[in-house]
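> structure for this input, please:
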Amino acid sequence: MRAGRGRGPGGKRGQDPRSPRAGAAVSVTAMDLTLHTSCLPHDDPRAAVAFYRDVLGFEVRGDVGHGRMRWVTVGPPGRPDTCLLLAPAAAGVGITEAERATVREMMAKGTYGWIGLATNDLDAVFGRLRAAGAEVVREPAAHACGGREGAVRDPAGNLVRIGEPGPHAGGQEGGHPCADPHCGRR
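Numbers count the residues shown, from 1 in each chain. Got it, this is the predicted structure:
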């Protein structure tokens, strides 16, 4: 038997002393992690910038590359800790042409990427989206948990879910099983 592994009380095998003890939960909160950047593909950087900057009101924080091979970072004004990277679809080393075609096909169907946004005035946001000619996938409607939500597609076909919290947003004692970020009963 190797050193460090032996039988504990009652003759049971013990854990390697270098690994976390049984029952010791590792906490992500204790690691002080936050979500900083999410990524969505684009197939036309100009259209992507026009949608996220001009229609949704995000600010452009970075723009590198040229032509269709541009990586554009956008985010909500006043929230430098939250970014959305708009990247060329299927750009990368080792991706085959068949895989690129699959990604493009999924983007065209709107099944490749999505993002969830939140607002306190869903009707105003959807008024602006409609005025800009955005493809509305789901009109704003009451959510089963108390909030409201609607969805549009960005120019690349990515689903953009936009929700408005309900009257109980901010959490309830005991938690709520709904995983929707716009739920009014969480």
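> R68 is in contact with D44, isn't it?
Yes - between R68 and D44 there is a contact under C-beta atoms under 8 Å: 7.0 Å. Where you see a C-beta, it was placed from the backbone N, CA and C, and this is true even at glycine.
> okay, and the common contacts of these two?
Listed as contacting both R68 and D44 by C-beta atoms under 8 Å, 6 or more residues apart in numbering is no residue at all.
> does the residue sitting nearest the centre point of the chain count as helix, strand or coil?
Taking C-alpha atoms, centre = their mean, the centroid of the chain lies closest to I115, which sits 4.4 Å from it. Secondary structure assignment for I115 (DSSP: H, G, I helix; E, B strand; the rest coil): strand.
> residues touching it, list them.
S38, L40, L84, N158, L159, V160, R161.
> where's R79 relative to A48, distance?
Note on R79: its distance to A48, by C-beta to C-beta, to the nearest Å, is 19 Å.
> show residues contacting the strand or helix carrying R130.
For R130, the element it lies in under DSSP states H and E is helix 122-131. For helix 122-131, contacts defined as C-beta under 8 Å, 6+ apart pick out 55-56, 119, 136, 139-140, 148-150, 152, 162-164.
> which one is A156 nearest to, not counting chain neighbours?
Distances taken as C-beta to C-beta, 6 or more residues apart in numbering put H42 closest to A156, at 4.7 Å, once the chain neighbours are dropped.
> same question, A48
Leaving out its chain neighbours, A48 is closest to H42 (C-beta to C-beta, 6+ apart), at 4.0 Å.
> what's the per-residue pLDDT of the one you found here?
As predicted, H42 sits at a pLDDT of 92.
> where does this protein have low pLDDT?
Applying pLDDT under 70 to the chain flags residues 1-29, 168-186.
> which residues in it form strands?
37-42, 59-66, 69-75, 83-88, 114-118, 135-142, 148-153, 159-164 (DSSP state E).
> nearest to M106 among the ones you listed would be which one?
strand 37-42 (9.3 Å; C-beta to C-beta).
> angle of the closest one against strand 159-164?
130 degrees (axes from the mean of the first three to the mean of the last three C-alpha atoms, to 10 degrees).
> buried ones in strand 37-42?
By 16 or more other C-beta atoms under 10 Å, the buried positions in strand 37-42 come out as L40, P41, H42.
> need the contact partners of that strand.
48, 72-73, 83-90, 103, 107, 112-115, 154-156, 158.
> which among those end up buried?
48, 72-73, 83-90, 103, 107, 112-114, 154-156, 158.
> list the contacts of G157.
Per C-beta under 8 Å, 6+ apart, neighbours of G157: M107, A108, K109, G110, Y112.
> separation between the residue lying closest to the fourth one once chain neighbours are set aside and A134?
In this case it means G110. Of all residues beyond its chain neighbours, the one nearest G110 is G157 (4.6 Å), with distances taken as C-beta to C-beta, 6+ apart. G157 is 12 Å from A134, where distance means C-beta to C-beta.
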